[in-house]
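Show me the folded form of this:
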Amino acid sequence: MSYFKHHVFFCTNQRPNGESCCNDFGASEMHSYAKNRVKELGLAGEGKVRTNKAGCLDRCAQGPVMVVYPDNVWYQYVDKEDVEEIIQEHLVKGKIVDRLKI
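Below is the predicted model:
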């Protein structure tokens with residue numbers, strides 16, 4: 001059994017050469033938002049959800065992106081409302097958010 005039910009990675013990569021990357025679209029802020037919401041909802045911890053920053057996840061053209069393991073579901077999001085929907089639907093209810101899935 002996995003230590004966490006879900007492990008969520010947010011690409012927060014920042015490219016120094018000016019190329020577009022997830023952090024240009026607020027990825028670090030969205031990670032912080034998700035991490036705080038997961039804690040507020042009592043979803044954090046062993047057997048539950050872990051939310052992490054990640055370096056480049058190689059999906060820059062589709063960014064900003066996050067991935068939920070072990071489900072192997074990749075999401076593209078725009079704002080807090082999208083991230084909240086992923087938290088509520090995927091992490092709480094176990095339903096993939098098809099409109100945000102890559």
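
how about the helices in this protein?
When secondary structure is read from DSSP state H, the chain shows helices at 27-40, 80-86.

Quick check, central residue of this protein?
Centroid-nearest residue in the chain: residue 66, 3.6 Å away (criterion: C-alpha atoms, centre = their mean).

Could I get the pLDDT score of the nearest residue to that one once chain neighbours are set aside?
Leaving aside its chain neighbours, residue 66 sits nearest to residue 10 (4.7 Å; criterion: C-beta to C-beta, 6 or more residues apart in numbering). (Each C-beta comes from the backbone N, C-alpha and C, glycine too.) Looking at residue 10, its pLDDT is 97.

unless I'm mixing things up, the residue nearest to the centre of the chain is touching residue 9, no?
Yes: counting by C-beta atoms under 8 Å, residue 66 touches residue 9, with 6.3 Å between them.

Quick one: residues contacting residue 57.
Neighbouring residues of residue 57 by C-beta atoms under 8 Å, 6 or more residues apart in numbering: 9, 11, 13, 22, 65, 67.

hmm, try it at 10 Å
9, 10, 11, 12, 13, 22, 63, 64, 65, 66, 67, 74 (C-beta atoms under 10 Å, 6 or more residues apart in numbering).

List the contacts of the fourth one.
Yep, that's residue 12 we're talking about. 21-23, 26-32, 52-57, 64, 66.

if we go to 8 Å?
Applying C-beta under 8 Å, 6+ apart to residue 12 gives the contacts 22, 23, 27, 28, 31, 53, 54, 55.

Look up phi and psi at the residue nearest to the fourth one when sequence neighbours are not counted.
If you skip the residues right next to it in sequence, residue 28 has residue 12 as its closest partner in space, 4.8 Å away by C-beta to C-beta, 6+ apart. Residue 12 adopts backbone torsions of phi -120, psi 30, taken as degrees, to the nearest 10.
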